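# pasting the sequence and the predicted model now:
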2 protein chains.
Amino acid sequence: MTCVEGSCFSNVNVFRKDPILCFLFVISGAFKFRGACNAIFSLNKDQADKGVVTHSSGNHAAALALAADLRDIPAYVVIPNNAPNCKIQNVIRYSGQITYSQPTLQSRETTTTKIMQETGAVLIHPYNDVRIISGQGTIALELLEQAPEIDTIIVPISGGGLISGVALAAKSINPSIRILAAEPCGANDAALSKAAGEIVKLPETNTIADGLRASLGSLTWPVVRDLVDAVITVEDQEIIEATKLCYEVLKVVVEPSGAIGLAAVLSDSFLNNPAWKDSNHVGIVLSGGNLDLGVLWDSICGL
Amino acid sequence: MTCVEGSCFSNVNVFRKDPILCFLFVISGAFKFRGACNAIFSLNKDQADKGVVTHSSGNHAAALALAADLRDIPAYVVIPNNAPNCKIQNVIRYSGQITYSQPTLQSRETTTTKIMQETGAVLIHPYNDVRIISGQGTIALELLEQAPEIDTIIVPISGGGLISGVALAAKSINPSIRILAAEPCGANDAALSKAAGEIVKLPETNTIADGLRASLGSLTWPVVRDLVDAVITVEDQEIIEATKLCYEVLKVVVEPSGAIGLAAVLSDSFLNNPAWKDSNHVGIVLSGGNLDLGVLWDSICGL
């Protein structure tokens, strides 16, 4: 097995016999840094000087803060006041300027609008933005550069920014490459949308993969509809098992949302699907790695 | 910052501003696989057919089991009956044949001798063996191939197999390269040995870095004495902080013993030592990654 950039290329016989894995890690702990960099360095000077704003509570916020810091412009981040501490700490680590909102979409949007009015900052959406989609697509360029024999790529799906970028980039290089989405059963809006032929939004989601609860956007849905070959849904228990494998065998820190591609590859739905028998070189995108590890440190310190 | 093979090359300003890290991971989760492979594939057929035996409770045992499995020969592993579960599971994962002993050196040695007499298996010592030392040294060859500008390498020290191999390989390429050992204050026998000019053994050790409690051997001590420039000792709290950084920022799973090189680089002893002001390109060997994560999974499953 060869692993590239938080992505993992496998012949399905994962974890045995092939002695060397090769990774490229992205700072900020998630692929989101790719899109955030592309978006921020695409701004003209007048736009950039006023800074950027987002109301993501997750890895996009930290990535945007870091990318903004690299261009030396402010990043305003609206975070619901119930966000996990490790994600807040990541934003602080990368010099993001946090404003807390109530944990409702309305409060997040109102707070964001107020910041935009006060500062003139540009809103950078976490996935429904062509600059973000293009940036995330660079993961496929590097993956296929390092492992051109890949015939199938499995990508986590949430709002669809990552998989849209990957599908566009990968199919422009190799139109016959198979792009599969991995989605939690408890947030299966992409599977339902593909089946219905239109965007389906769920009234609520229930999954351990907290980064995969968003719905598809107006820009990502057409790409998912036309270029993603299928959606594999997996149970939370499968996601947890895959996350464990990442830690215990691959030795990479991955959050459940980031390990779902491995869960999909190891699932019966993938392994026993006759349509995919010819998937011999499978690339798995494993990202991000922002998990709250407090309990682990508490246990270590208590040894 | 560039990271190679569980080794990490840094300009001391760790963790910021350099967007890409590059790792090569070794299967079995520790550098021990290098030495184990070298030892096992150095055996002639008659020796190999009878298998190998060790009484390591740690990563060497798992690495030896995996290397033996690759050559399709048996690996007998004597493990004290109080060894951490994750290390036992690693040996089982790689098809090692476990015999439990009492947790005393005498019981371990008696059990090992009995297996050798019964099977004719070859004893492979975890560090006091030239084949093991040479194998571990390949980490320095690859590190300097990928980052030839490195002027200082910091390596964890326990029995001295890893640092002996690294020092021999690195100084044969660049005689002026600085080799520093990183050692826990609670198991500082290497520092005491260097000061005394002879092997000092501690009556007991007390450190969270459970992989770093061994004493130097007859083959490793002369190399440590002559080729290791100094030993940096660090407190357990510094080791824990460095381990956290590995998880939270580098996104690699490292056990405290494996993160100690980073703790040493971040310590005042290193940063404020005028003798090392010219250490501008520091390679850190981060290995291994076998930590008992049960408490983490329990907390995730309870979410």
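Structure's in. What do you need? Residues are numbered from 1 along each chain as shown, chains lettered A, B, ... in the order given.
# contact partners for residue A:95?
A:65-66, A:68-69, A:75 (Cβ atoms under 8 Å, 6 or more residues apart in numbering or on different chains). For the C-beta atoms, the positions are set from N, CA and C on the backbone; glycine is no exception.
# which phi and psi does residue A:122 have?
When read as degrees, to the nearest 10, the backbone of residue A:122 gives phi -90, psi 130.
# not counting residues beside it along the chain, what's closest to whichever residue of the stretch 101-250 of chain A sits closest to chain B?
As assessed by Cβ to the nearest Cβ, chain B sits closest to residue A:247 within the stretch 101-250 of chain A, at 5.1 Å. Of all residues not flanking residue A:247 in the chain, residue B:253 sits nearest, at 5.1 Å (Cβ to Cβ, 6 or more residues apart in numbering or on different chains).
# in terms of helices and strands, where is residue A:183?
strand A:178-184 (DSSP states H and E).
# then that strand to CSV, C-alphas only?
The C-alpha trace of strand A:178-184 is given here as CSV (Å, rounded to 0.1, in the frame of the first residue of the first chain):
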residue,chain,number,x,y,z
ARG,A,178,-14.2,5.7,-10.9
ILE,A,179,-15.1,8.3,-8.2
LEU,A,180,-17.0,6.9,-5.2
ALA,A,181,-18.4,9.0,-2.3
ALA,A,182,-18.3,7.7,1.3
GLU,A,183,-21.2,8.9,3.4
PRO,A,184,-22.5,8.0,6.9
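# run me through the strand neighbours of it, direction for each.
strand A:152-156 (parallel), strand A:230-234 (parallel) (DSSP bridges).
# lowest average pLDDT across those?
Averaged per stretch, pLDDT over those is lowest on strand A:152-156, reaching a mean of 94.
# from what I see, the residue nearest to residue A:247 and residue A:254 are in contact.
No. Contact criterion Cβ atoms under 8 Å: residue B:253 and residue A:254 do not qualify, at 9.5 Å.
# which neighbours do these two share?
residue A:247.
# what is the burial count for residue A:196?
Other residues lying near residue A:196 total 10 when counted by other Cβ atoms under 10 Å in any protein chain shown.
# what about the helices in chain A?
Assigned by DSSP state H, chain A shows helices spanning A:32-42, A:45-49, A:59-71, A:85-93, A:105-119, A:130-146, A:161-173, A:189-196, A:220-227, A:236-245, A:256-265, A:268-271, A:294-301.
# among the ones you listed, which comes closest to residue B:174?
Ranking the helices of chain A by proximity to residue B:174 (Cβ to Cβ) places helix A:130-146 first, at 29.0 Å.
# my guess is residue A:31 meets residue A:140, correct?
No. At 10.6 Å, residue A:31 does not count as touching residue A:140 under the criterion of Cβ under 8 Å.
# most neighbours among the contacts of residue A:95, please name it.
Within the contacts of residue A:95, most neighbours by other Cβ under 10 Å means residue A:68, with 30 neighbours.
# who does the residue lying closest to that one once chain neighbours are set aside bridge with?
Among residues not flanking residue A:68 along the chain, residue A:75 sits closest, at 3.6 Å (Cβ to Cβ, 6+ apart). With DSSP bridges as the criterion, residue A:75 is bridged to residue A:52.
# list the contacts of residue A:75.
By Cβ under 8 Å, 6+ apart, the contact list for residue A:75 reads A:51-54, A:64-65, A:67-69, A:95-97.
# can you do 7 Å?
Shown in contact with residue A:75 (Cβ atoms under 7 Å, 6 or more residues apart in numbering or on different chains): A:51-52, A:64-65, A:68, A:96-97.
# next, the distance between the ends of stretch A:151-164.
This stretch, stretch A:151-164, spans 17 Å end to end (Cα to Cα, to the nearest Å).
# so how far is residue B:178 from residue A:292?
Distance of residue A:292 to residue B:178, given as Cβ to Cβ, to the nearest Å: 38 Å.
# residue A:84 now?
Counting by Cβ to Cβ, the separation of residue A:84 from residue B:178 is 41 Å.
# ok, those two, which is more surrounded?
Set residue A:84 next to residue B:178 and count neighbours by other Cβ under 10 Å: residue B:178 wins out with 20 against 16.
# tell me who's in contact with the more buried one.
Residue B:178 sits next to B:151-152, B:229, B:279 when contact means Cβ under 7 Å, 6+ apart.
# taking those together, which two end up most distant?
Across the contacts of residue B:178 (Cβ to Cβ), the longest gap, 11.5 Å, separates B:151 and B:229.
# give me the neighbour count for the closest residue to residue A:230 other than its chain neighbours.
Excluding the flanking residues, the one nearest residue A:230 by Cβ to Cβ, 6+ apart is residue A:180, at 5.5 Å. Using other Cβ under 10 Å, residue A:180 has 25 other residues around it.
# what's the pLDDT at residue A:180?
On the pLDDT scale, residue A:180 is placed at 97.
# same question, residue A:3
37.
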